[in-house]
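# coords please:
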Amino acid sequence: MKTVTLICNVLMAFLALSINSQETDIVVLRAIRGREARLPCGQGTVFLDGPNSFILWLKHDHDFLYRFPNEEYEHGLMNPDRVVETTCNPGSCRDQTALILKRVTNHDAGLYRCRVHYQTSPSVDHLIQLRVVDSPGAPTVYNGDEEVKGVTVGPLSVGSDLILSCRVQSKDPETEVYWRRNGVMMERTHLIRSDVVRADIHLYNLSRSNADSHYECLAQNSDVSEPLIKSIVIKMYLAPLTVQIRLDENYDFEAGIPRLVDCVVIGCVPAPSISWHLGDKLLRPTSHKEVNEGNYTVSTLTLAPSLQKSHYELSCRAHNSHMPSELFQDKVVINVGYRPTCQTGRVERVGVVEREAETVHCIVDASPEPLQFTWTFEDSKTLYTSGTRISANRNRYSSSLTWLSRGGDIGLLQCRATNAFGEQKNSCVFNITAGGPPEMPDCDITRNVPNHLTVHCRLGWDGGRPQKVYFQLYDETGRLFRNVSDAVGSYQFKNVPGHQNFTAVYYTANIRGRSPQVKKVLHSYSDVLAKKKIELERSAEIAQKWMPYVQTLAGIVTLCIMVAAITLVVKIFCTKLDHEDPNPDLVPRSTNGYFHREPDITKEDRCLESTNITTNPLATCSNVHNPLPYCPPTVPTCRVVRGCPHDDDDCLTGQQSYFV
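Numbering: from 1, shown residues only. The predicted model follows:
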């Protein structure tokens, strides 16, 4: 492969030497020393007309530089330091046939020839005379008289003016300085001194469209090298474009039920602080999020208003710290309510009689008012009705259902209401049963006070119609003494002779009939007192009978408590003794924790009694409750008693006592 490449290069070099001397126009181009240069082949893009067409680059008509296309270069076989590439860089595509010089030196100056060999037409030559020049100075941008050190100017307020001046140090008279905004050329050169080139731009009455605009000052004195660039971005303080509370057009809030509400602020620079208000009350938001440097700010509020807050104004206010006098807000009026709930909350029993009209009232609490009521019986028949407001309560509504009862109308009847917040969750339930006369009442009659009689009745089921309690009181002669009736069954009778017995007769009744009557004999007040006295005496006798047993039991309990207390005291005392040192004189310790050595004993003090040495052998592991994987070492203990075993034994003069 290398041999083939060498032969091809020799042939192309020979071809270059044999180029006819036909005169072509020479284009003079300038390149900056030390910078990259891109030499174009011709005035525009060159299109090769076939697979056998190609381009040759030569210098001084005898130095072969490059062939395009070139398989060796495509496979990375050519030296990249000599010719970098002839294709475009990513993002900045240019003529693919251009010759790129990576780092221009004085040696690169000279005449370059680009010969285009077409497949179906004659070859064309393009000549370039390359001159090497010095680079101009780096552009410096001034905001008025102050140099812009960074890449941003501002922040500026809307309506302000801005004058930017770009200055370049250069002695080359062909140096150009100009401005571009977002890639579009704006202002050309103004020469102010022989060594300084300057270009100014004047921006009056800045608007939002100038925010984040990208301005570039370019300094250039070459044709094939990239210019020197100083970039500037204008930063501005901007009021919000929009402040919007997002509720998806649903302004209904169910009382006590939390709901998330977003407030979106777009276009505020810097990022705004956002506050929420419900009426005159300031609310605390749940979260605050900024996107794209605050250009898109979202504040989230968790709102669970009470019913009293209905028709209040919910507002979201955006505050720009650089525009304290301006108010940016969005506000909506919220509706607070709740779906219907059954007023009773229990199953109501309804008694019906065949071929008799029956009316059931379904009462619900709702806000706003129900749109409709739905009645459903066990046989799956469904009826739809409207409701009316109960005048005593503005949030209470009622719907009535009337039908002519027939055989088999027994079971559960359900009523369910629906309003703007949804359908009632738990239906109002009516248990339809066979009706008739009411149940018999249960009345308590007492005569605890002289000449007074108290009656309290507990009513049973009314049989499907309103019931009344009828109470009659007869004296000993059978004469009617009192006759009362009402729907409650609670009475207070005064001026009742205490020495007489009475007979009470009571029952309940409705339009469907009456319950069985109850008859009670009421003893005189003196008989009642005598009966209570007998009951008290009997209770006293029972208490006296059991008193010895109670006293004995109390004594036993007291004795047990005393024994337990004594046992506890003894146990504490014994535990304290077990922790004391059994031989304080044999193993004395100083306060600093070191062992103490007794002084030497004289001969007269030695022979007092016999000497006993008692040792404890090494213990074995005997902890069966919590066995250890090893046997901890046990330190043997010794007790040494001073003296001689016998009176006639001689004790060594140098004997000493040590305690361990």
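# just the strands in the stretch 351-500 of the chain please.
357-367, 372-377, 382-385, 388-389, 396-404, 411-419, 422-423, 428-434, 442-446, 452-458, 468-474, 480-486, 490-494 (DSSP state E, counting those that start in this stretch).
# Turn the ones you listed into CSV, including mean pLDDT.
Putting those into CSV (pLDDT from 0 to 100) gives the following:
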stretch, mean pLDDT
strand 357-367, 90
strand 372-377, 89
strand 382-385, 74
strand 388-389, 72
strand 396-404, 88
strand 411-419, 91
strand 422-423, 90
strand 428-434, 91
strand 442-446, 91
strand 452-458, 91
strand 468-474, 93
strand 480-486, 92
strand 490-494, 90
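# Can you check which of the ones you listed gets nearest to Arg38?
Nearest of the strands of the stretch 351-500 of the chain to Arg38, taken as CB to CB: strand 422-423 at 71.6 Å. The C-beta positions use only the backbone N, C-alpha and C, and glycine is treated the same way.
# Over to Glu535. Which of the three states is it?
State at Glu535, reduced to three classes by DSSP: H, G, I helix; E, B strand; the rest coil: helix.
# where in the stretch 201-350 of the chain is pLDDT low?
Scanning the stretch 201-350 of the chain with the threshold set as pLDDT under 70 gives 292-294.
# re earlier: the strands of the stretch 351-500 of the chain: which one's closest to Cys574?
Once these are compared by CB to CB, strand 442-446 is nearest, at 65.6 Å.
# List the neighbouring strands of the closest one plus their orientation.
Here strand 442-446 is paired, per DSSP bridges, with strand 452-458 (antiparallel).
# Outside of the partner strand itself, list whatever touches it.
441-448, 469, 471, 473, 488-494, 496, 502, 504, 506, 522 (CB atoms under 8 Å, 6 or more residues apart in numbering).
# Am I right that Arg538 is in a helix?
Yes: membership of Arg538 in a helix is supported by three-state DSSP.
# That one: neighbour count?
Counted with other CB atoms under 10 Å, the neighbours of Arg538 add up to 10.
# all helices for this protein, in order.
2-17, 71-74, 525-578, 603-606 (DSSP state H).
# Val218 and Pro136 touch, don't they?
To be clear, residue 218 is Leu; Val isn't right here. No: the pair Leu218 / Pro136 is not scored as a contact, 10.2 Å apart, by CB atoms under 8 Å.
# And the two? Which one has more around it.
Pro136 (23 against 20).
# Tell me who's in contact with that one.
Counting by CB under 8 Å, 6+ apart, Pro136 has contacts Val168, Gln169, Ser170, Asp172, Thr175, Val197, Ala219, Gln220, Asn221, Leu228.
# ChimeraX command to pick out the buried ones of the contacts of strand 452-458?
Of the contacts of strand 452-458, the buried ones go into a single ChimeraX selection, burial set by 16 or more other CB atoms under 10 Å:
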select :441,443,445,447,469,471,473,489,491,493,496,502,504,506,522
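# Can you get me a residue count around Phe573?
10.
# no wait, Pro51
For Pro51, using other CB under 10 Å, the count is 8.
# Give me the buried entries from the contacts of Pro136.
Val168, Ser170, Thr175, Val197, Ala219, Gln220, Asn221, Leu228.
# I'd guessed the third one sits against Val168; true?
Put plainly, it is Thr175. Yes: the pair Thr175 / Val168 is scored as a contact, 6.6 Å apart, by CB under 8 Å.
# Report the set of residues contacting both of the two.
Common neighbours of Thr175 and Val168 (CB under 8 Å, 6+ apart) are Pro136, Val197, Ala219.
# Would you convert those into a markdown table that also reports distance to Leu577?
A markdown table is the format used below for these (distance: CB to CB, whole Å):
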| residue | distance to Leu577 |
| --- | --- |
| Pro136 | 104 |
| Val197 | 108 |
| Ala219 | 103 |
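# wait, Glu439 sits on Gly463?
Yes: contact between Glu439 and Gly463 holds when scored by CB under 8 Å: they sit 7.3 Å apart.
# Comparing those two, which shows the higher neighbour count?
More crowded of Glu439 and Gly463, by other CB under 10 Å: Gly463, with 25 against 15.
# Apart from its neighbours in sequence, what residue is nearest Val333?
Nearest residue to Val333 in three dimensions, chain neighbours excluded: Glu313, at 5.6 Å (CB to CB, 6 or more residues apart in numbering).
# Ok, Pro136 next?
When the adjacent residues along the chain are set aside, Pro136 lies closest to Ser170, with 3.8 Å between them (CB to CB, 6+ apart).
# And Tyr491, by the same measure?
Val455 (4.2 Å).
# same question, Ile128
Tyr112 (4.4 Å).
# Contact partners for Ala554?
Taking CB under 8 Å, 6+ apart, one finds nothing in contact with Ala554.
# how much space between it and Met547?
To Met547, Ala554 is 11 Å away according to CB to CB, to the nearest Å.
# cool, Ala31 as well?
For Ala31, the distance to Met547 - CB to CB - is 129 Å.
# Pro173: how many residues sit nearby?
9.
# shift numbering so it begins at 684
Understood, numbering begins at 684; the last thing we discussed is Pro856.
# Please give me every residue in contact with it.
Contacts of Pro856 (CB under 8 Å, 6+ apart): none.
# Can you give me the separation between it and Val816?
The value you get for Pro856 to Val816, if CB to CB is used, is 11 Å.
# cool, Pro1149 as well?
115 Å.
# the more surrounded of those two?
Applying other CB under 10 Å to Pro1149 and Val816 shows that Val816 carries more neighbours, namely 18 against 10.
# nearest spatial neighbour of the more buried one, skipping sequence neighbours?
Arg713 (5.0 Å).
# Could you pull up the residues touching the one you found?
Each residue near Arg713 by CB under 8 Å, 6+ apart is listed here: Leu813, Arg814, Val815, Val816, Glu857, Asn904, Ser905, Asp906, Val907, Ser908.
# Report the beta-bridge partner residues of it.
Residues in beta-bridge contact with Arg713 (DSSP bridges): Arg814.
# What of Leu1163?
Going by DSSP bridges, Leu1163 forms beta bridges with Tyr1157.
# And Tyr1080, by the same measure?
Val1047, Arg1072.
# Does it touch Thr1068 like I think?
No: Tyr1080 is beyond contact range of Thr1068, at 11.3 Å (criterion: CB under 8 Å).
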